[in-house]
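Q: A predicted structure for the sequence below; I have some questions about it.
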Amino acid sequence: AGERMSRVRVAIVGAGAYGLSLAAHLGAMGISYRIFGQPMRFWSNIAAAGDGRYLKSFCFGADLSTPRSGFSFADFSRPRGLETFEPCLMRDFASYGIWFQEQIVPRVETTNVVNLQRMENAFSITLSGGEQVTADSVVLATGLANFAQIPDVLRSLPNGIVTHTSEIRLFS
């Protein structure tokens, strides 16, 4: 699972929590896949804002999914002396996701998908380096990064005045 090949059963676009969890399950079932994207990029970018950002969920609800035991958020946090109940720092969650990826899904390809087309019985995928991949199925696990909304009434204001909270790195 996860080997480089030009034809694959499943292509996963996005290497965040959902993409990594799906790859963990496909790999455990012996289903060939390739996963594309920067691991935990969205959460790592939010975490860069500092220690004042927390998950809304409890730590026990922040587990990435895998059929293997020993890879929960608490399993990551306990030996590092981190909180295992609440509040959960986004920085810790992002670090957990990267640890999970390194342990469970080591073959993430940090390239971008630049084109995706439906063919008769498969999908044609073009990667940023020009490689062509054919996949029987494609899962788009692109997360929330591209869905930030700014109300129309505010869009005409200069960039320095209006910023979506997902783009704020330092609150000072």
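A: Nice, thanks for sending it over.

Q: can you point me to the longest strand in this protein?
A: Ranked by residue count and defined by DSSP state E, the top strand of the chain is strand 132-140.

Q: helices or strands up against that one?
A: Strand 132-140 is packed against strand 7-13, strand 123-127, with contacts defined by 3 or more CB pairs under 8 Å, 6 or more residues apart in numbering; DSSP states H and E. In this view, the C-beta of every residue, glycine as well, is placed from N, C-alpha and C.

Q: can you redo these as CSV with distance to Arg53?
A: Formatted as CSV, those follow (distance: least, CB to CB, whole Å):
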stretch, distance to Arg53
strand 7-13, 26
strand 123-127, 32
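
Q: Helix or strand with the lowest mean pLDDT in the protein?
A: Using mean pLDDT, DSSP states H and E, the weakest-scoring helix or strand in the chain turns out to be helix 41-47, at a mean of 85.

Q: Show me what counts as buried in the helix or strand that comes right after it.
A: Where DSSP states H and E defines the elements, the next helix or strand beyond helix 41-47 is helix 73-77. Residues 73, 76-77 are the ones in helix 73-77 that count as buried (16 or more other CB atoms under 10 Å).

Q: Looking at those residues, which one is closest to Gly129?
A: The nearest member of the buried residues of helix 73-77 to Gly129, counting by CB to CB, is Phe76 at 32.0 Å.

Q: got the contact list for the closest one?
A: 82, 95-96, 99-100 (CB atoms under 8 Å, 6 or more residues apart in numbering).

Q: Repeat that for Asp136.
A: Counting by CB under 8 Å, 6+ apart, Asp136 has contacts 8-10, 121-123.

Q: go again using 7 Å as the cut-off
A: Taking CB atoms under 7 Å, 6 or more residues apart in numbering, we find Asp136 in contact with 9-10, 122.

Q: circling back: now distance to Ile104, mean pLDDT and mean neighbour count too, for the helices and strands packed on strand 132-140, in JSON lines please.
A: As requested, the helices and strands packed on strand 132-140 are exported to JSON lines (distance: least, CB to CB, whole Å; pLDDT from 0 to 100; neighbours: other CB atoms under 10 Å):
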{"stretch": "strand 7-13", "distance to Ile104": "13", "mean pLDDT": "97", "mean neighbour count": "20"}
{"stretch": "strand 123-127", "distance to Ile104": "23", "mean pLDDT": "97", "mean neighbour count": "17"}
